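> When you get a sec, could you give me coordinates for this:
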Amino acid sequence: MGQLTHVPVLFKEVIVGLQPRAGCKYIDGTVGAGGHAEGILAASAPSGLLLGLDRDPDAVLAANRRLASCGVRATVMHAPYVEMGRCAQDLGWERVDGILLDLGVSSRQFEQGKRGFSFVREGPLDMRFDPSSGMTAAEIVNRWPQNEIAKVLSELGEERQSKKIARAVVEARPIESTLELARIIAEEKGEKKGKRHAATKTFQALRIAVNGELDALKAALPLALDMLAPGGRLAVIAFHSLEDRMVKQMFRRESRDCLCSPEQIVCACGHRASIREVRRRPTKPSSDEVARNRRSRSARLRIAEKM
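Down below sits the predicted model:
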């Protein structure tokens, strides 16, 4: 069986934005199959070091295989990116020169029906990044109250028909598989030709809830900025408007010298900028990249530099 080729989203833009250099240290907090990490190591040769983290044990194995030729320059650990501080300390690192967070689900995870991320492949309602721990999507779908399901779909998936879908889900219990759930949603919402799949927002919301993705990002952003050495850069690729908004707001706040209201004539907060935004607007994939990889179309890259 042929090996799947991992093509990282916004690869060139990430490498240009992080500006990897020899002798520096980098963290890829979502190493996946190791595509971005390989690029960072190549650009920082011969002496740049990289720590790759991932919650998915399959990704850790894939990254280790891909980065094996880099020898001791690459270290890959099975850990969530919110633990980057502890993992860096295990290597004796106090400050790093660049951090990458590529949020969301990888193509490899989508393509494995058994992981439960895809609404077009048969599989269990799992959706955990780390299959060894935590609740599954099946627990939410089959056990949570209708109003709680509706809240998750509305807040995390921005699904306008959240109450309608939640009611249909509860009435259809027990729901055993991804395709069964996708069919229930499609029947309730009605399929529209040329539009994205009716189950897209529901599956997205369930995945975010299962993995606590927004809470993890909220905790990780200030940690990452604190870990950067002066001149170091944090690059974040978001695929969801809630994630991108969180990154945008953090970058805007930390790049300002004062957070007082406009009515406050003299600054009373004492806040001082700790970063600068490399670009005010996010970088989006080119039309060529979207043509090659449709999943990249919603990607947004933001980069900040430590002052």
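
> Mind listing residues that contact the worst-scoring helix or strand of the chain on mean pLDDT?
Ranked by mean pLDDT, DSSP states H and E, the weakest helix or strand in the chain is helix 107-111, scoring a mean of 87. For helix 107-111, the external contacting residues (C-beta atoms under 8 Å, 6 or more residues apart in numbering) are 4, 6-7, 32-33, 56, 58-59, 62, 115, 117-118, 121, 129, 293, 295. For glycine as for every other residue, the C-beta is placed from the backbone atoms N, C-alpha and C.

> Next one, pLDDT for the most centrally placed residue in the chain please.
With distances taken as C-alpha atoms, centre = their mean, Leu103 lies nearest the centre of the chain, 1.0 Å away. pLDDT, Leu103: 95.

> rewinding a little: please pick the buried ones from the contacts of helix 107-111.
Burial by neighbour count, judged by 16 or more other C-beta atoms under 10 Å, picks out His6, Gly32, Ala33, Asp56, Asp58, Ala59, Ala62, Arg115, Phe117, Ser118, Arg121, Phe129 from the contacts of helix 107-111.

> which one of those sits closest to Glu289?
His6 (14.4 Å; C-beta to C-beta).

> just to revisit the earlier point, least confident pick among the contacts of helix 107-111?
Within the contacts of helix 107-111, Leu4 has the lowest pLDDT, namely 44.

> residue contacts, the closest residue to Asp56 other than its chain neighbours?
Nearest in space to Asp56, with sequence neighbours left out and distances taken as C-beta to C-beta, 6 or more residues apart in numbering, is Phe129 at 5.1 Å. Contacts for Phe129 (C-beta under 8 Å, 6+ apart) come out as Asp54, Arg55, Asp56, Pro80, Gln109, Asn211.

> From Ile265, how far out is Phe129?
Distance, Phe129 to Ile265, using C-beta to C-beta, to the nearest Å: 48 Å.

> and what of Ser162?
For Ser162 relative to Ile265 (C-beta to C-beta), the value is 44 Å.

> Compare these two (neighbour count), which wins?
Between Ser162 and Ile265, counted using other C-beta atoms under 10 Å, the more crowded position is Ser162 (21 against 7).

> looking at it, that one is touching Asn147, isn't it?
No: using C-beta atoms under 8 Å as the test, Ser162 is too far from Asn147 to be in contact (10.0 Å).

> okay, now the domains of the chain?
What the record gives for the chain is the domain set 11-102+214-306, 109-211, from automatic domain parsing.

> quick one: the strands in the stretch 101-250 of the chain?
For the stretch 101-250 of the chain, the strands defined by DSSP state E, counting those that start in this stretch occupy 228-238.

> which stretches of it have low pLDDT?
Within the stretch 101-250 of the chain, the stretches with pLDDT under 70 are 191-194.

> rerun that using 50 as the cut-off
Along the stretch 101-250 of the chain, no part satisfies pLDDT under 50.

> now the closest residue to Asn211 other than its chain neighbours: how far from Val236?
Setting aside the residues directly before and after it, Asn211 is nearest to Phe129 in space (C-beta to C-beta, 6+ apart), at 5.2 Å. Distance, Phe129 to Val236, using C-beta to C-beta: 17 Å.

> ok, now Val31?
In terms of C-beta to C-beta, Val31 sits 15 Å off from Val236.

> for Ser154, same thing?
25 Å.
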